[in-house]
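1. This is the structure alone, sequence omitted:
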């Protein structure tokens with residue numbers, strides 16, 4: 001199943017994941033940015049399956065901006081949206097938001113749903129579909 005060129009623009013896929021404290025590597029329970037990039041790869045894969053019936057091959061990032069922290073105990077939501085389409089290339093816009101944040105100062109298991117999602121990472125990338 002393949003979507004014709006130019007179609008599918010605006011199609012979006014979203015995943016959520018709890019980030020265990022065991023993934024924190026830095027002071028303040030910070031998680032490295034590579035964790036979010038791996039999640040972007042996962043949503044890009046689902047987007048490509050939905051659009052092209054194939055996982056595709058992630059070719060490059062043209063831009064990555066880390067604008068806020070990801071911490072152990074967070075629930076992160078990542079999304080991928082198709083913003084451009086060539087014969088085989090798919091340009092994808094990515095966003096990651098923290099939607100829940102651990103509150104260890106209140107107790108080992110304490111956490112809060114954030115009143116508004118907190119943008120932590122944006123990116124643009126290109127995935128290539130099979131010929």
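-> Thanks, I have the structure now. This structure is a prediction, so every number in the text was calculated from the model and none was measured. Numbers count the residues shown, from 1 in each chain.
2. OK, contacts around residue 47?
-> 11, 12, 13, 80, 81, 82, 90, 92, 127 (CB atoms under 8 Å, 6 or more residues apart in numbering). (C-beta placed from N, C-alpha, C; glycine too.)
3. Doesn't it lie inside a helix?
-> Yes. Counting by DSSP: H, G, I helix; E, B strand; the rest coil, residue 47 is found in a helix.
4. and it, how far is that from residue 59?
-> 14 Å (CB to CB, to the nearest Å).
5. Would you confirm that residue 44 contacts residue 91?
-> No. Taking CB atoms under 8 Å as the definition, residue 44 is not a contact partner of residue 91, at 10.9 Å.
6. shared neighbours of those two, anything?
-> residue 125.
7. Looking at the two, which is more packed in?
-> residue 44 (24 against 16; other CB atoms under 10 Å).
8. Okay, buried residues for the strand or helix carrying the more buried one please.
-> Per DSSP states H and E: residue 44 is located in helix 33-52. By neighbour count on 16 or more other CB atoms under 10 Å, the buried set for helix 33-52 is 35-37, 39-41, 43-45, 47-48, 51-52.
9. all strands for this protein, in order.
-> Using DSSP state E, the strands found in the chain span residues 12-18, 57-66, 75-85, 89-102, 111-128.
10. gap between the fourth one and the chain center?
-> Taking CA atoms, centre = their mean, to the nearest Å, one finds strand 89-102 lying 4 Å from the centre of the chain it belongs to.
11. Next, the angle from that strand to strand 57-66.
-> 50 degrees (axes from the mean of the first three to the mean of the last three CA atoms, to 10 degrees).
12. Parallel or antiparallel, list what pairs with strand 89-102.
-> strand 75-85 (antiparallel), strand 111-128 (antiparallel) (DSSP bridges).
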